[in-house]
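S.K.: compute the structure for the input listed below.
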Amino acid sequence: MVVAAPLGELKARGLGWLIMPMLDLNITGMTCGCCSGRVKRALEALPEVQGAHVDHDRGRATVAVGSDANPRNLIEAVEAVGFGCSP
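M.R.: Here you go, the predicted structure:
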């Protein structure tokens, strides 16, 4: 089932990031929920990131980014908190 909602309504509910361009990252070295939390916080601290979902079991992050996002910035943010990262 697909539900459509006006853009303004999504933004008002804090869900505007769902319609942003998405970038998938491969992340190595995560072993637990604390690890994925560190990666999520590092990514969401970047101004071009609107939201991130990080899965330590799969070693993946799906990141909602602005159109001007540079993937290298995201990779560097993940590496800065101690994990490997590639597009």
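S.K.: specify the beta-bridge partners of residue 55.
M.R.: Under DSSP bridges, the beta-bridge partners of residue 55 are residue 60.
S.K.: repeat that for residue 84.
M.R.: The partner residues for residue 84, given DSSP bridges, come to residue 28.
S.K.: ok, it - contacts?
M.R.: Contact analysis of residue 84 by CB atoms under 8 Å, 6 or more residues apart in numbering lists 27, 28, 29, 78. For glycine as for every other residue, the C-beta is placed from the backbone atoms N, C-alpha and C.
S.K.: please repeat the previous calculation with a cut-off of 7 Å.
M.R.: For residue 84, the contacting residues are 27, 28, 29, by CB atoms under 7 Å, 6 or more residues apart in numbering.
S.K.: and the second one, how many neighbours?
M.R.: The one in question is residue 28. 10 (other CB atoms under 10 Å).
S.K.: do you know the pLDDT at it?
M.R.: With respect to pLDDT, residue 28 has a value of 98.
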